[in-house]
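*Asks:* based on what follows, work out the 3D shape:
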Amino acid sequence: MKYDYLIVGSGLFGSIFAHEITKKGKKCLIIERRDHIGGNVYTEKKEGINVHKYGAHIFHTSNKEVWNYINQFAEFNRYTNSPVANYKGELYNLPFNMNTFYQMWGVRTPEEAKAKIEEQKKESGIKEPKNLEEQAISLIGNDIYEKLVKGYTQKQWGKECTELPSFIIKRLPVRFTYDNNYFNDSYQGIPIGGYTKIIEKLLEGIEVRLNTDFFDKKEEYMEMADKVLFTGMIDQYFDYCFGELEYRGLKFESETLDTNNYQGNAVINYTDAETPFTRIIEHKHFEIPANELGTETDSEKTIITREYPMQWKKGQDAYYPVNDDKNSALYVKYKELAEKEENIIFGGRLGMYQYFDMWKVIEEALKLVDKESR
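*Replies:* Numbers count the residues shown, from 1 in each chain. Okay, here's the model as predicted:
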């Protein structure tokens, strides 16, 4: 049977494209090497709790069109991301705001906080930041950098902050209000019942083959459709002919605990360099309101996940691209190669080698549908 589109990967990008292009009368086949649909947004129910299997996914956007689009497939709650930082047992609110400054220095007014940051910025003597460390200190001073940025960032990227480009941290949120809402976006929440329900609705009536690796029979799969949408690693598709692009890997350790509330927050970041994981997620806090904890609607257990960033190696899951100058230049070579391909499209984080938030993945997928429908 000939298909109009073979879609490699059943994550958010591939699923939205498949859903929309099917509505336009096209026939799609999705192949997925994992044993489930949904890519990294996959959630599974355990102990009555929707567990984010591949790390916390918090939906946020200021794009009303995207927000309205995704709300067709699920009702979203009013979850607000307010992570807490744990530095060697000291607790600080994130993002950096008046609560953080009070916890760090005992200052109570925006004027006092600004004065403290300015004093530390002047002491550093940094005029033109050349790397991430200098950029961070020039934005928020040395104290916050040392306790809340340095160790966490080094674990996240697997490199010293002095080796990382300054642009990574250019948009560090700093607020002189007592506001722990991490995102500035107009819309934010978690789909009630988990993300997998969204993917299931998107893929209703579309053929999906799980446990199917595109590279096992690449030539055969390429012949099955007029066009291929590939959402895997672009360098892998071209057999790493220019060399490997760099990605970050992640390892997740989940644990079910005999308590209904382990840490009192969905996300706690561990910002010292000595703690090997970057954060602990307590999944129930994404969907269970604080006033329902310990009631009949709450599970008597809780599930936590420790998240360990890793150096990516071939054969492992790649979670996000390392968009430094060296890798960006290498990606340009692969992109030029991709543009010469007539019947293959590259999409999603790995196919486009960009760190997209979920709203951006949706926007890009809808743009591609529009382009393919002309």
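
*Asks:* find the residue closest to His285 in space, skipping its chain neighbours.
*Replies:* Ala266 (3.7 Å; C-beta to C-beta, 6 or more residues apart in numbering). No exception for glycine: its C-beta is placed from N, CA and C like everyone else's.

*Asks:* and Tyr54, by the same measure?
*Replies:* Nearest residue to Tyr54 in three dimensions, chain neighbours excluded: Asn40, at 4.1 Å (C-beta to C-beta, 6+ apart).

*Asks:* which residues touch the one you found?
*Replies:* With contact set as C-beta atoms under 8 Å, 6 or more residues apart in numbering, Asn40 has these partners: Gly11, Tyr54, Gly55, His57, Tyr319.

*Asks:* the residue nearest to His285 is in contact with Ile281, isn't it?
*Replies:* Yes - the criterion here is C-beta atoms under 8 Å, and Ala266 meets it with Ile281 at 6.4 Å.

*Asks:* Phe183 versus Asn269, what's the distance?
*Replies:* The spacing between Asn269 and Phe183, counted by C-beta to C-beta, to the nearest Å, is 15 Å.

*Asks:* what are the pairing partners of the lowest-mean-pLDDT helix or strand in the chain, and which direction each?
*Replies:* Taking mean pLDDT, DSSP states H and E as the measure, the helix or strand of the chain with the lowest value is strand 320-321, at a mean of 90. Take DSSP bridges as the rule and strand 320-321 pairs in its sheet with strand 247-257 (antiparallel).

*Asks:* run through the stretch 101-250 of the chain and note the low-pLDDT ranges.
*Replies:* Low-confidence segments of the stretch 101-250 of the chain, defined by pLDDT under 70: 171.

*Asks:* what sits against Cys208?
*Replies:* You called it Cys, but residue 208 is Val. Counting by C-beta under 8 Å, 6+ apart, Val208 makes contact with Ser10, Leu29, Ile30, Ile31, Glu32, Ile37.

*Asks:* and for Lys116, the neighbour number?
*Replies:* If you count neighbours by other C-beta atoms under 10 Å, Lys116 ends up with 18.

*Asks:* please name the nearest non-neighbouring residue to it.
*Replies:* Nearest to Lys116 is Trp105, by C-beta to C-beta, 6+ apart, at 5.4 Å.

*Asks:* which one of Asn269 and Phe183 is surrounded by more residues?
*Replies:* Neighbour totals were compared for Asn269 and Phe183, and Asn269 leads with 21 against 18 (other C-beta under 10 Å).

*Asks:* quick check: bridge partners of Gly189?
*Replies:* Bridge pairing for Gly189 - DSSP bridges - gives Phe59.

*Asks:* wait, it touches Asn71, no?
*Replies:* No - if you go by C-beta under 8 Å, Gly189 and Asn71 don't touch, sitting 9.2 Å apart.

*Asks:* neighbour count: these two, which is higher?
*Replies:* Gly189 (21 against 15).

*Asks:* quick one: contacts for the more buried one?
*Replies:* Contacts of Gly189 (C-beta under 8 Å, 6+ apart): Phe59, Phe76, Asn77, Arg78, Tyr79.

*Asks:* tell me the one among these nearest to Gly243.
*Replies:* Gly243 lies nearest to Phe59 out of the contacts of Gly189, by C-beta to C-beta, at 34.8 Å.
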